[in-house]
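Novice: below: sequence and its predicted model.
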Amino acid sequence: MSTCFCTLAIHASYRERARILCADLAPAHLVVMTDEPTDFADLPVHAIRHDPTGPMAADYLEHLATTGHGRGAAAYHDKRFAVQAALREFDTAIFLDADSRIRGIPPLVHFQAGLAVIPVVRHSIVTHLETCGSWRLPAFKDLARELLGDTEALFDAKWCHETCFAVTKNGSEDRFLWAWGHGADVLQRQKVFSGEGGVIGLAAAYAGWKVDFEVLAPLAALIQHEGGGPK
């Protein structure tokens, strides 16, 4: 199966970091969604222009108020466009935050169809929200009802750490990506600008996918995430 890495690089500081990530990943295939594709013209990557659907990390750092009344970091949900672009040509898309560094790439094993996530958080959405932002639970209940008919899915669907994950095609990837986008709309209409990991988990459930926490563990061990990137 063919594999491609992808990332999101919006604003100068993250384009600069993404260029370093490109060097770390060479000679692997890489798709970069960015507001300035010309910044990557000298690199052997596929840079695609992307206009962000909302404020990005730099916007919050520079001039926007902290989201969630100071109780949550911003979630942007634009990562799905990078994944979607990579899946047009490849069987598996591995997303990495632009502010990640990686010390070599381990041999990539066969990915099972669906979603694989680095094993940082392995809880259900409900369990994660009990200790991390319980104020978001009503919005997630609304989303679970819209996507899956009731709130029981929140006890089974996993919270998915979004700094590194892989999506492998099996014909349900369009359902997954649609549900992710719909989830972003539902939460943002309720002024909830965090919780991307929960939206991804519900989208996976909507696509009928289980979450694999094992296959990316060797890759996760090589990643240093610098923080503050376009999450």
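Specialist: Structure received. Numbering: from 1, shown residues only.
Novice: quick one: mean pLDDT for stretch 84-91?
Specialist: Model confidence over stretch 84-91, given as mean pLDDT, is 97.
Novice: residue 88 and residue 197, how far apart?
Specialist: Look at residue 88 and residue 197: by Cβ to Cβ, to the nearest Å, they are 25 Å apart. Backbone N, C-alpha and C define where each C-beta goes, glycine included.
Novice: in this protein, spot the strand with the most residues.
Specialist: Longest among the strand segments of the chain by residue count, using DSSP state E, is strand 3-9.
Novice: ok, then the element right after it?
Specialist: Next helix or strand after strand 3-9 toward the C-terminus (DSSP states H and E): helix 12-25.
Novice: coming back round to it: avg pLDDT for the longest strand of the chain?
Specialist: When pLDDT is averaged over strand 3-9, the result is 96.
Novice: specify the angle between that strand and helix 12-25 in degrees.
Specialist: Following axes from the mean of the first three to the mean of the last three Cα atoms, to 10 degrees, one obtains 160 degrees for the angle between strand 3-9 and helix 12-25.
Novice: what helices or strands is strand 3-9 leaning on?
Specialist: Strand 3-9 makes packing contacts with helix 12-25, strand 30-34, helix 79-87, strand 92-96 when contacts are defined by 3 or more Cβ pairs under 8 Å, 6 or more residues apart in numbering; DSSP states H and E.
Novice: quick one: closest of the ones you listed to residue 177.
Specialist: Closest to residue 177 of those, according to Cβ to Cβ: helix 79-87, at 5.4 Å.
Novice: what lies in contact with stretch 119-136?
Specialist: Contacts of stretch 119-136 from elsewhere in the structure, counted by Cβ atoms under 8 Å, 6 or more residues apart in numbering, are 68, 71-72, 137, 140, 154-161, 163, 187, 192, 194-195, 197-198, 201-202, 213-214, 216-217, 220.
Novice: how about that stretch as CSV, C-alpha atoms only?
Specialist: Extracted in CSV, the C-alpha atoms of stretch 119-136 (Å, rounded to 0.1, in the frame of the first residue of the first chain):
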residue,chain,number,x,y,z
PRO,A,119,-1.1,6.4,21.9
VAL,A,120,-1.1,9.6,24.0
VAL,A,121,-4.8,9.6,25.0
ARG,A,122,-6.5,6.2,25.0
HIS,A,123,-9.8,7.1,26.7
SER,A,124,-13.3,7.3,25.5
ILE,A,125,-14.6,10.8,24.7
VAL,A,126,-16.7,10.8,28.0
THR,A,127,-13.8,9.7,30.1
HIS,A,128,-11.4,12.3,28.6
LEU,A,129,-13.9,15.1,29.1
GLU,A,130,-14.4,14.2,32.8
THR,A,131,-10.9,15.6,33.5
CYS,A,132,-10.2,17.7,30.4
GLY,A,133,-12.8,20.3,29.6
SER,A,134,-16.1,18.9,30.9
TRP,A,135,-17.8,22.2,29.9
ARG,A,136,-17.6,20.8,26.3
